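*Asks:* heads up, no residue letters with this:
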């Protein structure tokens, strides 16, 4: 049933699809469990790390980036780069206009 | 060992402006990835709003997110992960011309998608019943407008919930500075126990800290919640529509000759929808 | 009559006859246009649509300038005036200049320059056009149902509380954003996947580098506009409270959102114009472009750097001191690649044989006007001076010099350059010169006075003003009427050329890019033969043929893809 021509597009094996699925389910369990333990400020970073690992699995295997032209990955990652730029500058700004705010209005930033 | 199967693109009809089928396929793929990049930035804006708000007002998020049911969120995450599996499998089936399997996988994906929307509907309904809506409509109350009792448990609140809403006009009456100064964050217990006031009645934490004070502008959490999950939900609906289209194509025999590009493209979109949810689940439900 | 010219050796001739069966005549009836997949027809439909939008935006501009003839009320109330400048801005930006060059000239020329039959995704291209129509309809409808008075920037909290048709206008802009995204997406895929044999990245015409860089910005920045406008609509209709301080929101956050798109947007406007410039300067100086790689990389640099400077629109908004300084410093960096281009164009002209045909008149105007516009941007990018100049007429003059004196002038140059290719007709060179002169003079009269006014303190968007500004305003208004006259004359001779103009040869100007290797107008299939790329600026490969009053290649085989058949 499977064809072995050298030219053509990669077909994912059922085994691979299922292994990734198991990993994703495990990741979900992991992240929910981790959220029940108080790690202080680390909670969010642990969560983001697990979420990103899951995203990597989905991207590489389910979305085929592993076997695709690298430029497609570049496009995808490029979007994240600009997003982080946006988040980064906006957060820098909000962190730095504390002196102008009503005292106590923004406790999260120490203002 | 990984399967080295390859799908042939020989003999497929190629649009007149392309030199060959591979150029056509690669063009479609690149086009779809660029579209996904635009979606990242589109949703990204909401993540920026989230980040800025959360950094300035963590107390709003800590307060608000306890009204989200982690279990339903996790269930939805699992549902979408399963739908990603079936979507990826559908692509495989189309590549190998396994039309029966293709139709099955498309249907399963749609089933999961409907399941997701169903759980969402349950959650949204619960919020609506308690008036936990976005800022303009924020009007928290128990169903019977009395004290929140154990009867409404199972939808929104943990078993031992005892929440009193201090004021519905927090925007007008409570000055942000005052409330922020008043809130004693040291009394907020670790996530495992829940914040003071939501702890089990009779527990030490509950006696000490008394009833949880709703922070000023708590409604902002729900604004962000509804915007992010709402936009995501709209994209799920769009995905369902795309899968219906694929099913119709399959029934017409479109995939019999080995065209699989459109399945591939729809699946890519669907995986992105899953990816976004993975982050939404984390940021809204878990932390 | 012109004959097909054969190369020595009797190879496949390049067809220099005017084909009567071309893309304009292939397929009749309005449906064949509305449902076409032909990039050339889509480009022409866009041209009509976009020039109509320019006219509409221009009408609003004339209302503004007429009202400002005297301080206080001249022909309208203050509320109406607010709507006038808002609509002028919104129509010009969202309906005209953002789609502008890419949708019209880009669509028409891009596949031809690649020797291709069409863009990579023709159905998406048609969808882009329909989205434009839809968005434009919604936007124009909003004008009819009450119009908007917030300024085209829709700043909160006014835009969330005003009763004017903000929701409708922003929904229109939202839809138009998708049109822009899909066009950009299409162009990126086309340039990546459909370059012909021999056309490596650094053998592409610079017009394509410019369009490509523009497309990058379109694809990355426009979605953020989308979410911003969506949030604004949600705020107005559902009261979500993200930007409304009364509900715990932050109005400055709106500005961050808005300008994250709108600053890169101005580079969507100027990059295609610069792209046209590289073509015009080279061809009309009769010289190979100078500094090809510098110009190519500077386009990419502008696209990327454009994302780093949006805060320079927010120096007085309450943005933190730290970010003010960072954005000011970064803003200086984005001027550098633009300057690199200007120097390379000048170097291209040096010791060239300049022909002052209409497209070149516009290219020269561009150099002068864009230089002024770009340099005055430095005054505004510099934090300390901007505090005084922000929201004055200095800003208005600056952006009109770059957007109008830059983009529109280059657009006009491009239209005059590719007009013979698009429609198979030459226009009256004499009237084109008259029009170009009037536009140049009228433009400077209108907008230079505004630099002076602004630096003396005249605020922008003001209905009323102090007596001492009257002379400036009146000079500016006179200039606007001269501008309008220039445009009416242009419309006249261009439209006339369609019916009474001399038939155009395949290559009237002597360009070496591939679009000149096919008939004017092209057949619906673009090229009879498969093309391969030569050096796009090897102008010596062409010679003037007085019989057809156009240029021909000395060796036509050099751009034909050899199929290995015996000749």
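*Replies:* Great, that's in hand. Nothing here was measured: the structure is a model prediction, and the numbers come from that model.
*Asks:* how about low-confidence regions in chain A?
*Replies:* By pLDDT under 70, the low-scoring segments of chain A are A:1-8, A:98-99, A:104-111.
*Asks:* now it against chain C: closest residue?
*Replies:* Using C-beta to the nearest C-beta, the single residue of chain A nearest to chain C is residue A:96, 3.3 Å away. Bear in mind the C-beta positions are built from the backbone N, C-alpha and C, glycine included.
*Asks:* list the contacts for that residue?
*Replies:* The neighbours of residue A:96, taking C-beta atoms under 8 Å, 6 or more residues apart in numbering or on different chains as the test, are C:320-323.
*Asks:* swap in residue B:137?
*Replies:* B:131, C:238-239.
*Asks:* quickly note the distance from the residue nearest to residue A:10 when sequence neighbours are not counted to residue B:29.
*Replies:* Nearest non-adjacent residue to residue A:10, counting by C-beta to C-beta, 6 or more residues apart in numbering or on different chains: residue A:67, 3.9 Å away. Residue A:67 is 11 Å from residue B:29, where distance means C-beta to C-beta, to the nearest Å.
*Asks:* from residue C:93, how far off is residue C:459?
*Replies:* Counting by C-beta to C-beta, the gap from residue C:459 to residue C:93 is 21 Å.
*Asks:* neighbour-wise, which of these two wins?
*Replies:* Taking other C-beta atoms under 10 Å in any protein chain shown, residue C:459 and residue C:93 do not tie; residue C:93 has more neighbours (21 against 14).
*Asks:* give me the neighbour count for residue 44.
*Replies:* Because you didn't say which chain, this covers chain A. Quick note: residue A:44 (other C-beta under 10 Å) scores 16 neighbours.
*Asks:* chain C is the one I meant
*Replies:* Around residue C:44 there are 21 residues (other C-beta under 10 Å).
*Asks:* part of a helix, is residue C:319?
*Replies:* No. Looking at residue C:319 with DSSP: H, G, I helix; E, B strand; the rest coil, it is coil, so not inside a helix.
*Asks:* re earlier: of residue A:67 and residue B:29, give the one with the bigger neighbour count.
*Replies:* Counted by other C-beta under 10 Å, residue A:67 and residue B:29 do not tie: residue B:29 has more neighbours, with 22 against 12.
*Asks:* surely that one forms part of a helix?
*Replies:* Yes. Applying three-state DSSP, one finds residue B:29 inside a helix.
*Asks:* pLDDT score for it?
*Replies:* Looking at residue B:29, its pLDDT reads 95.
*Asks:* which non-adjacent residue is nearest it?
*Replies:* residue A:72 (6.5 Å).
*Asks:* give me the element that neighbour is part of.
*Replies:* helix A:70-96 (DSSP states H and E).
*Asks:* if you average pLDDT over stretch C:483-496, what comes out?
*Replies:* Here the average pLDDT along stretch C:483-496 is 97.
*Asks:* walk me through the domains of chain A.
*Replies:* A:9-68, A:70-111 (automatic domain parsing).
*Asks:* quick one: the first one to chain centroid distance?
*Replies:* A distance of 9 Å separates the C-alpha centroid of domain A:9-68 from that of its chain, computed with C-alpha atoms, centre = their mean, to the nearest Å.
*Asks:* highest neighbour count among the contacts of residue A:96?
*Replies:* residue C:323 (21 neighbours).
*Asks:* any idea which helix or strand in chain C has the lowest mean pLDDT?
*Replies:* When the helices and strands of chain C are compared on mean pLDDT, DSSP states H and E, helix C:158-161 comes out lowest with a mean of 87.
*Asks:* how about residue C:415: what's its closest non-neighbour residue?
*Replies:* Closest to residue C:415 by C-beta to C-beta, 6+ apart is residue C:105, at 7.3 Å.
*Asks:* tell me if that neighbour really is in a helix.
*Replies:* Yes. Counting by three-state DSSP, residue C:105 is located in a helix.
*Asks:* in the stretch 1-150 of chain B, which spans are helices?
*Replies:* Under the criterion DSSP state H, counting those that start in this stretch, helices of the stretch 1-150 of chain B are mapped to B:21-56, B:58-65, B:70-95, B:99-129.
*Asks:* out of those helices, nearest to residue C:167?
*Replies:* helix B:21-56 (18.3 Å; C-beta to C-beta).
*Asks:* just checking, what packs against the closest one?
*Replies:* Contacts defined by 3 or more C-beta pairs under 8 Å, 6 or more residues apart in numbering or on different chains; DSSP states H and E place helix B:21-56 against helix A:70-96, helix B:58-65, helix B:219-251, helix B:261-280, helix C:166-193, helix C:206-238, helix C:251-285.
*Asks:* in CSV, list the ones you listed along with distance to residue C:535.
*Replies:* Listed next are the helices and strands packed on helix B:21-56 as CSV, based on distance: least, C-beta to C-beta, whole Å:
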stretch, distance to residue C:535
helix A:70-96, 26
helix B:58-65, 59
helix B:219-251, 45
helix B:261-280, 36
helix C:166-193, 18
helix C:206-238, 12
helix C:251-285, 11
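*Asks:* now the weakest link among those helices, please, by mean pLDDT.
*Replies:* helix B:58-65 (a mean of 86).
*Asks:* what's the offset of that one from the middle of its chain?
*Replies:* 18 Å.
*Asks:* by how many degrees do that helix and helix B:70-95 diverge?
*Replies:* Comparing the axes of helix B:58-65 and helix B:70-95 via axes from the mean of the first three to the mean of the last three C-alpha atoms, to 10 degrees yields an angle of 80 degrees.
*Asks:* helix B:58-65 packs against which elements?
*Replies:* When contacts are defined as 3+ C-beta pairs under 8 Å, 6+ apart, helix B:58-65 sits against helix B:21-56, helix B:219-251.
*Asks:* Provide the secondary structure category for the residue of the stretch 151-287 of chain B found nearest chain C.
*Replies:* Proximity of the stretch 151-287 of chain B to chain C (C-beta to the nearest C-beta) peaks at residue B:217, 3.1 Å away. Using three-state DSSP, the structure places residue B:217 in coil.
*Asks:* do you know how far it is from residue B:49?
*Replies:* If you go by C-beta to C-beta, the gap between residue B:217 and residue B:49 works out to 14 Å.
*Asks:* and the contacts of the helix or strand hosting residue C:84?
*Replies:* Assigned by DSSP H and E, residue C:84 belongs to helix C:78-90. With contact meaning C-beta under 8 Å, 6+ apart, helix C:78-90 is reached by C:57, C:60-61, C:63-64, C:67, C:76, C:139, C:143, C:147-153, C:164, C:169, C:173, C:461, C:463-464.
*Asks:* buried subset of those residues, written for PyMOL?
*Replies:* Burial among the contacts of helix C:78-90 is assessed by 16 or more other C-beta atoms under 10 Å in any protein chain shown; the matching PyMOL selection reads:
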select buried, chain C and resi 57+60+61+63+64+67+76+139+143+147+148+149+150+151+152+153+164+169+173+463
